[in-house]
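Asker: Sequence below, structure please.
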Amino acid sequence: MPSQDKPPPEAAKEPPKPAEEEEFGLGLGLSGTRKKKPKKKKAEPAPTAEAQQASAPQTADPLKATPTSPAGAPVLVQMPEPAHAAAPGPWSKSGSGKSRGWTPVPLGTMPEPPARLVPQPTPVPQATPIPQQPPTAVVPTARAPKSMEPTMCRYQVPNKIPGNRVRAAHIRVMVNYLEMEFKSLKIYRYDVSITPDKPKKMLPDVFLKVKSKFFANELIAFDQMKNCYSLNALKNITTTERFHATVELLDQNQRSINFDVSLKATGVVDLENIKNYMRTRASSLCHPTEEIQCIDVILRQGALESYVKAGRQFFKRPSRPIDLGFGYEMWTGLFQSAIFTNKAFINIDVAHKGFPRHQSLLDAMVKDFNLDPTKPLDNQRGCDYFAAFVKGLKVVATLVGNTPSAGHRREFICNGLVGPPHDLVFTITESDGRTRKTSVAEYFAKDKNYRLRYPRLNCLWVGNKDRCIYFPIELLHVAEGQALTRQLNEQQISKMVKEAATPPDERLKKIKEVISNMKYSQNRDFKRFGLEISEKFYTVKAKVLEPPVLEIGNGKVTPRKGQWQANKLLKPEALTSWALIAVDTDSRNDYGPMIDLIVSTGGQLGMAVNKPKFINVNAKMKMLHSILMNAYRDVRFVFIIVSARGRDDYHKVKQLAEREVGILTQCIKEATARRMNQMTAKNILLKVNSKLMGINQAIDMIAMPKCIKDTAVMIVGADVTHPSPDQSNVPSIAAVTASIDPKCYMYNIELSIQTPKKEMIVEFEDMMFDHLKVYKDRNQGRLPKKIFVFRDGVSEGQFSQVMNSELAAVHSAYQRMAGMQNKPEVLFLLVQKRHHTRLFNDGPNVQYNVEPGTVVDTDIVHSSELDFYLVSHQAIKGTARPTRYHTVCNDGKIPDDEVEQLTYYLCHLYSRCMRSVSYPTPTYYAHLACLRARSLTHGEKFDNRELERKPKRLHVLDKMLQFSRMFFV
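Answerer: Predicted coordinates for the structure are as follows:
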C-alpha cells in the first residue's frame, strides 16, 4: 500500500495510513483501510419534567405503526406529527395607543394565529384496520398537507395599503412567464429508496425500469432522488409496508449491477390546495410548498430528463462551449419554476453555469494551468490553482494492466494532490502471505505491466477519505457533466458575466427557443396530469416612478436614465495629510501622473487635496505594519498600491490597517495605478470622500418621501453571506448597517461571525442595540422614531423565521434602549435578487431595457400583500434584473406607492458612483460590510462548535471609528 512521509497540504484532510493492498476485485489501483476508534459517548443530562412528560407512552396509531420488512430491506418509520403548540417567544403585544408595548410572555402561551391565516384542513378520516389480503389499489390517508398550515408566527404579514400620492407613468411590460391552467387533481406521493444509491446518473434508468416492469400503465413523475408522484394510486403499495423490487442494469463498463428498489405511500398531494391559496388570497406564510414541488417535478418530465440538473436549472453541453479558463467552460441551459399568485404561471429563463471540461487530467494540467508534467508540481507556478481545481472533482480512472478489468473505468471524487509515484512507498502482501515494499511507480510497472510516462508527476488521492487510493494523473480523466457548487474565481466570473450578458431582445429570442424546444403544448403527460401551458409571454400592468431630485455641490440635479453628473460634491472633505505606499510592485513604475490626477480631480470636486506627505514605492508586505505605524503619526489617510501577484495582499492590508494600526486606507491595483485616468480618479475619490465622512449627494429635502421627511428615521440594511459549498469550515458572516445622519447617507456597520449556513442573524438584537447607541450619540441624545429595515437574502420559506427572530429583535433592542413603553414604527422589507423574473418592453423598443423606476406590483406578485418588482438601475450591459421586495411589517401603515418610492430613492445614495444601483444603498452596504469582514478574518480559523454556542462579534479599532464610520465603502 502507498504511504507518504508528509501529508498533502492541499487535501481536505490527511490520507489515512495504509494497511494492506486491496484491488476492489478490479485490478484498479491501490487502497487501504484503517481501524476507527470508537467514539466516546457524551454524558446525557437528566431529563426535565417536561421531557419526561413528553416521553410518556402514547396510544398507537395504526396508520403510523412500525412497518415490517424482509431482511435487508430498508425500513422507514413514520414518526407521529408534533402537536400544534405555539412557538415560544419572549415578547407579545400589549396595551393600546401610545402605551402599547412589548411584554414578556411565558413559554408555550403564545396566542393562536389569526383565523384568516389558517386554512380549513380537510378532515382526517378515521384509521381502519389494514385488510389481510393485498388491496388492488390502496389510497394513502393522511392529514392535510403541512405546507398549507401556517408556520407559527407571532406577527401577521400586512395587507396592501393602496395609495395615490406618488406620480408615475402607467405602461404595460412583458414578463418571461407563461400562463398555466391546472385541474384540482389528487396526486399520490411515494417515497423511493434505491440501493445502492450510486452511481447517481443511473438512478433515473433504474426507476424507469421498475416503472415499465411493474407500473407500465401508470403515469408517474420521478424527481430523480427520493420522491415520485402518480396520477393514480399504485397497486399493492400501502402506507405501512414498502413495495420491493430488484432490477438489473449494466454500468458503463458493461458490468451487471442489481438494484433494490422500494416504494412506500407517503400521502396525497391535493392540487385544490393551490387553488384555495390563490382564491382566498391567503398569507404568504401559508405558501403551498409541497403542492408546488409536485408540479415542478411533473414539469421536469420529458424533455428535461436528459439534461444535467443543477437546482431548478437544467443544462446540456453546447456544440461550442465558451472557455472560462482554469479547466472550466460555460454551458447554457434553462430555468423553469411554477409560480402561483392570483394566477398560475411558469417562469422560464435561460441559465448559465461553469462546468469542468471533459478531458484528460493531463491535458487540463498542461493547457489550462501551464504546468510541466515532466517535473513534480509542488514548486511550479500555478500548482495552487490546479490543486484547488482537482479537490472535490469527479475523475474517471482508466484501469490498466494484465487483469480482466483492464480498460474498465471507475469514477472517484478527488481529495487532493500527493507526491510523485516514486516517493509513495507501501507494503504489498503476496498471495502466499509474504510481504514486500514497493513504490506506486514500481507497482504499476511490475504488477500491472504498465510503465508510467511521467514518473515524476504527482499522484492524486481519490475515493473514500478513510482509505488510501492513489492514481497517477496520466490515468485520469475529468468526468463529464459535473454540476459543481464551488465558487468560480474572479477571472472566470468576469468572463462568464461578459459572455452571458445579452441585450433584452436577444435574451427574449433565446427564451423563445427554449419554449419551442420544450414543446409544452405537445406533451401528453402534462395533459394527463391536467396541465395546460400557454406558449405566449404574459403582459402585465406596470408604472414608472419619477427619479428623486438630488442635492449636489453646485445645486440640484434630476437623474436621467439612472445617471447624473456632479462637478462638485455636496459636502467635500479635505485630504490634507496623506501618503502613498506601493507594496511588492514593480520598482520601475512611475506614480507621479496618478498623484497629479488625484490632486487635480480632488480640487475639481471641491476636496482640496494636497500633495502626499511621503511616498514609499519599494515597500514589502512583511514591513507594512511598521510602515503604517510610522505613517499613523503624520497622516490620516494612506493610498496603498497592491500587486496582482499577491492574491491575499488586499486582505493583509485591511487587517493591518483596521485591526492593528487604526488608519484609513484606499487600495488600488498596480495595473489601475499605471493606467489611471480622470474618470478612474473621480470614482476613487468618491469613495475617499465618503471614508472621510463627506457627503457626495443627498435626496433633496423638498422631494423627500413623506414617510421620512418630518421625523427621525434610521434606515437599516442586513445581509448574511455564506461560504461556497466546498468551504465547509468557513463561517458565515452577518452584517447589519444603519444610517446615523438626517440625510440617510452615513452608515455605521456591525459585524458578526456565525456558524456556516446559518440563515438567520443570531446577534441581530445586540447589533441593533449598538446601532441605536451610535445613532443616539450622533443625534444629540435622540433616538429614531421610525426604523426601516431592508433584509437581503431571505427565501419565501424563511419569512416566518425572519419575523419571529429578526423583526422581534428590532423591537427588543429598541425597548432595551428606550424603555418597555416605547415602540418605534418599523417597516421591514425582504429583498430578493436571486430569481429569474425579467421585464421587457412590450412593443417596438424590446431591444432596450425598461426604464429605471419601473415597478410591477400586480398579477405576478402576491395578490393581497405588498410584494413588488423594481428595476431601479440602468444595466450597463445585458438585461436588467429587477429586485423583488416583500413587506412583512408596516407599523406606520405607509401606503404601498410611498414604500415603492422610498425604495427607489434609496437606490440613488450609493457613495461609489453617480448612478442609481440595483437595490437600496443600506442593503448594498451590508453586502460590502460582509466582504470587509471576510477580508478582516481571512486566514483565521474558527471553531464551529464555539460559534454555535455564541457567534463572535467582529470589530475594528475604536480609534479609527472615532474618525470614520464609513471606512468600509
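
Asker: I'd like to know how many residues surround the nearest residue to Gln697 once chain neighbours are set aside.
Answerer: In space, and not counting its chain neighbours, Gln697 is closest to Leu550: 4.9 Å by C-beta to C-beta, 6 or more residues apart in numbering. (C-beta placed from N, C-alpha, C; glycine too.) The burial count assigned to Leu550 is 23, neighbours taken as other C-beta atoms under 10 Å.

Asker: and the gap between Arg172 and Tyr538?
Answerer: Noted for Arg172: a distance of 10 Å to Tyr538, by C-beta to C-beta, to the nearest Å.

Asker: neighbour-wise, which of those two wins?
Answerer: Per other C-beta under 10 Å, whichever of Arg172 and Tyr538 has more neighbours is Tyr538, with 17 against 12.

Asker: need the contact list for the spatially closest residue to Ser732 that is not a sequence neighbour.
Answerer: Spatial nearest neighbour of Ser732, chain neighbours left out: His722 (4.9 Å); criterion: C-beta to C-beta, 6+ apart. Contacts for His722 (C-beta atoms under 8 Å, 6 or more residues apart in numbering) come out as Ser732, Pro756, Lys757.

Asker: Run through the stretch 451-600 of the chain and note the low-pLDDT ranges.
Answerer: Low-confidence segments of the stretch 451-600 of the chain (pLDDT under 70): none present.

Asker: how would you label Arg953: helix, strand or coil?
Answerer: strand (DSSP: H, G, I helix; E, B strand; the rest coil).

Asker: What residues sit buried inside stretch 280-300?
Answerer: Buried residues in stretch 280-300, counted by 16 or more other C-beta atoms under 10 Å: 282-288, 290-300.

Asker: Got a ChimeraX select line for the buried ones in the contacts of His722?
Answerer: The buried residues among these can be selected in ChimeraX (16+ other C-beta under 10 Å) with this line:
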select :732,756
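
Asker: would JSON lines of the contacts of His722 with secondary structure, pLDDT and distance to Ser690 be doable?
Answerer: Output for those, formatted as JSON lines (DSSP: H, G, I helix; E, B strand; the rest coil; pLDDT from 0 to 100; distance: C-beta to C-beta, whole Å):
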{"residue": "Ser732", "secondary structure": "strand", "pLDDT": "96", "distance to Ser690": "27"}
{"residue": "Pro756", "secondary structure": "coil", "pLDDT": "91", "distance to Ser690": "32"}
{"residue": "Lys757", "secondary structure": "coil", "pLDDT": "84", "distance to Ser690": "33"}
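
Asker: what about stretch 449-462, start to end distance?
Answerer: 22 Å (C-alpha to C-alpha, to the nearest Å).

Asker: doesn't Gly781 make contact with Ala712?
Answerer: No: assessed by C-beta atoms under 8 Å, Ala712 is found out of contact with Gly781, at 11.4 Å.

Asker: Have a look at these two and say which one is more surrounded.
Answerer: Ala712 (15 against 7).

Asker: Next, that one: phi, psi?
Answerer: Note on Ala712: backbone dihedrals following degrees, to the nearest 10 are phi -70, psi 130.

Asker: mind listing what it touches?
Answerer: Counting by C-beta under 8 Å, 6+ apart, Ala712 has contacts Pro742, Asn779, Arg782, Leu783, Pro784, Lys785, Lys786.

Asker: What subset of the residues you listed is buried?
Answerer: Leu783, Pro784, Lys786.

Asker: export those to a markdown table and tack on pLDDT and secondary structure?
Answerer: Formatted as a markdown table, the buried ones among the contacts of Ala712 follow (pLDDT from 0 to 100; DSSP: H, G, I helix; E, B strand; the rest coil):
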| residue | pLDDT | secondary structure |
| --- | --- | --- |
| Leu783 | 97 | coil |
| Pro784 | 97 | coil |
| Lys786 | 98 | strand |
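
Asker: just these now: which is nearest Ala500?
Answerer: Nearest to Ala500 among those, counting by C-beta to C-beta, is Lys786 at 40.0 Å.

Asker: Please name the bridge partners of the closest one.
Answerer: Counting by DSSP bridges, Lys786 forms beta bridges with Val713, Glu825.

Asker: so how far is Ala813 from it?
Answerer: Taking C-beta to C-beta, one finds Lys786 at 15 Å from Ala813.

Asker: Poorly predicted segments of the stretch 151-300 of the chain, please.
Answerer: 151-153.

Asker: quick one, strands of it?
Answerer: 168-182, 186-195, 220-222, 227-230, 243-250, 256-270 (DSSP state E, counting those that start in this stretch).

Asker: and the last one, C-alpha only, in PDB?
Answerer: Right, the one you point to is strand 256-270. Backbone C-alpha positions of strand 256-270 (Å, rounded to 0.1, in the frame of the first residue of the first chain) are rendered in PDB as follows:
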ATOM      1  CA  SER A 256     -24.200  -6.100 -14.300                       C
ATOM      2  CA  ILE A 257     -25.500  -4.300 -11.100                       C
ATOM      3  CA  ASN A 258     -28.500  -5.400  -9.100                       C
ATOM      4  CA  PHE A 259     -30.600  -2.500  -7.600                       C
ATOM      5  CA  ASP A 260     -33.100  -3.000  -4.900                       C
ATOM      6  CA  VAL A 261     -35.900  -0.500  -5.300                       C
ATOM      7  CA  SER A 262     -38.700   0.100  -2.700                       C
ATOM      8  CA  LEU A 263     -41.700   2.400  -2.700                       C
ATOM      9  CA  LYS A 264     -43.900   3.500   0.200                       C
ATOM     10  CA  ALA A 265     -47.000   5.600   0.100                       C
ATOM     11  CA  THR A 266     -46.500   8.800   2.000                       C
ATOM     12  CA  GLY A 267     -49.600  10.800   1.300                       C
ATOM     13  CA  VAL A 268     -51.800  12.600  -1.200                       C
ATOM     14  CA  VAL A 269     -51.000  16.000  -2.800                       C
ATOM     15  CA  ASP A 270     -54.200  17.800  -3.400                       C
END
